[in-house]
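Visitor: okay, sequence plus prediction incoming.
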Amino acid sequence: QVQLVESGGGLERPGGSLRLSCTGSGFTFGHYEMRWYRQPPGKERDLVATIAPEGGHTGYVDSVQGRFTISRDNARNTVSLQMNDLKPEDTAVYYCNAPVGGYSGGHGRLWGPGTPVTVSS
């Protein structure tokens, strides 16, 4: 079964850290760019970070640059998002995404179910 499954979300205080993970199965994980998106309550889903198939190139939205780090382990079919210095505005459901089956609307067609992150004191 082709799928992505996220884990690691939860409640954290401002200034704290969380590490999200996403595991892929049913496809050749190392062949695909991987992305993390997030959707805050009542808002649209936006791109947060990307990583190239071999992991040599990464990209971040300005609001998380210097605080979040995306990485991947192709041997374990896993992509991670280390989130440091969390802020209340980082509260969102975080989704893993891959262009398995191509792209649609500028993002990959394969989504995970998401993992919620709440940053609050």
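Guide: Great, that's in hand.
Visitor: mind listing what the nearest residue to G55 once chain neighbours are set aside touches?
Guide: Among residues not flanking G55 along the chain, R72 sits closest, at 4.9 Å (C-beta to C-beta, 6 or more residues apart in numbering). From N, CA and C alone the C-beta is placed, and that goes for glycine too. By C-beta atoms under 8 Å, 6 or more residues apart in numbering, the contact list for R72 reads M34, I51, G55, T78, V79, S80.
Visitor: okay, and R72 sits in which element?
Guide: strand 68-73 (DSSP states H and E).
Visitor: what are the pairing partners of that strand, and which direction each?
Guide: strand 78-83 (antiparallel) (DSSP bridges).
Visitor: hang on, V119 packs against P88?
Guide: Yes: taking contacts as C-beta atoms under 8 Å, V119 lies within contact range of P88: 5.0 Å.
Visitor: any residues in contact with both of those two?
Guide: P14.
Visitor: the more surrounded of these two?
Guide: Neighbour count, other C-beta atoms under 10 Å: between V119 and P88, V119 has more, with 19 against 11.
Visitor: report pLDDT for the more buried one.
Guide: On pLDDT, V119 comes in at 98.
Visitor: what pairs with it across the strands?
Guide: Going by DSSP bridges, V119 forms beta bridges with E12.
Visitor: for it, give me its contacts.
Guide: With contacts defined as C-beta under 8 Å, 6+ apart, the neighbours of V119 are L11, E12, R13, P14, G16, L86, K87, P88, E89, D90, T91.
Visitor: same thing with V79?
Guide: Applying C-beta under 8 Å, 6+ apart, the residues contacting V79 are S21, C22, G24, M34, W36, I51, I70, S71, R72, D73, C96.
Visitor: any idea what it is bridged to?
Guide: Counting by DSSP bridges, V79 forms beta bridges with C22, R72.
Visitor: can you check the one 4 residues further on too?
Guide: When bridges are taken as DSSP bridges, the partners of M83 come out as L18, F68.
Visitor: and if you look at Y95?
Guide: Where Y95 sits in a bridge, its partners, by DSSP bridges, are Y37.
Visitor: alright, calling it a day.
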